[in-house]
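1. Dropping the sequence and predicted coords here.
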Amino acid sequence: MRVKALETLLVEKGLVDPAALDEIIDTYQNRIGPKNGAIVVAKAWCDPAFRSALLTNGTKAVSDLGFYGRQGEHITIVENTPEQHNMVVCTLCSCYPWPLLGIPPSWYKSDAYRARAVRDPRAVLAEFAVTLPEGQAVRVWDSTAEMRYLVLPMRPKGTEGWSQEMLAELVTRDSMVGTGLPKSP
Ligand code: FE
């Protein structure tokens, strides 16, 4: 309601064009989305040189693939390993890597997620039906306007010899936020 009220005021005063707002929302909701991130993840699984470039300078590696723009100016890729699972939150608001994942889901913006992801990440993961092996640490990354994160999940077992396109189908949005794991083959 507050957003709607603000939008109405801004439009009435002629400060924003409602068609431009619709265009921005449509772009990030329908034309840009987690499919972009999935391409990045699947490529990293197949191409060791790309994976290493991605971990060294995420912003550059993804922009070389054509994924750049608003809310994607500074991106760090955090890699899951058997020792460490990564999870992303924005405790302050809802910072998110738009060019790779589109617009954040409503739970990502909720007060509950933003507070509890930090305080008790394993309980939050359990609610997403994710149970990690006992020895695997959880590291929570707090996004800001200066830095946004994308999780590089571990490649699922049993996918040896799969093409990049097939692998991309296993990569879910939540697996790139760290609240999920890739689908099983
Ligand atoms: Fe934020």
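-> On my side now, so go ahead. Residues are numbered from 1 along each chain as shown.

2. which residues touch stretch 61-74?
-> For stretch 61-74, the external contacting residues (Cβ atoms under 8 Å, 6 or more residues apart in numbering) are 36, 39-40, 43, 50, 53-54, 59, 75, 77, 95-100, 146-148, 150. From N, CA and C alone the C-beta is placed, and that goes for glycine too.

3. Show me what from this protein comes close to the ion.
-> Residues of the chain lying close to the ion (Cβ under 5 Å from the ion) are 90, 92-93, 95.

4. Now do the strands for the protein: every range, in order, please.
-> Taking DSSP state E as the criterion, the chain contains strands spanning 75-79, 84-89, 137-142, 148-152.

5. which residues sit in contact with the residue nearest to Thr59 when sequence neighbours are not counted?
-> Nearest residue to Thr59 in three dimensions, chain neighbours excluded: Ile75, at 4.8 Å (Cβ to Cβ, 6 or more residues apart in numbering). Residues near Ile75 by Cβ under 8 Å, 6+ apart: 58-59, 62, 97, 100, 147-150.

6. now swap in Ala49 and tell me
-> Contacts for Ala49 (Cβ under 8 Å, 6+ apart) come out as none.

7. For Ala126, give its distance to Asp120.
-> 9 Å (Cβ to Cβ, to the nearest Å).

8. Can you name the residues bridging to the closest residue to Val78 other than its chain neighbours?
-> Closest residue in space to Val78, ignoring its immediate chain neighbours: Asn86 at 4.1 Å, by Cβ to Cβ, 6+ apart. Beta bridges link Asn86 to Arg139 when assigned by DSSP bridges.
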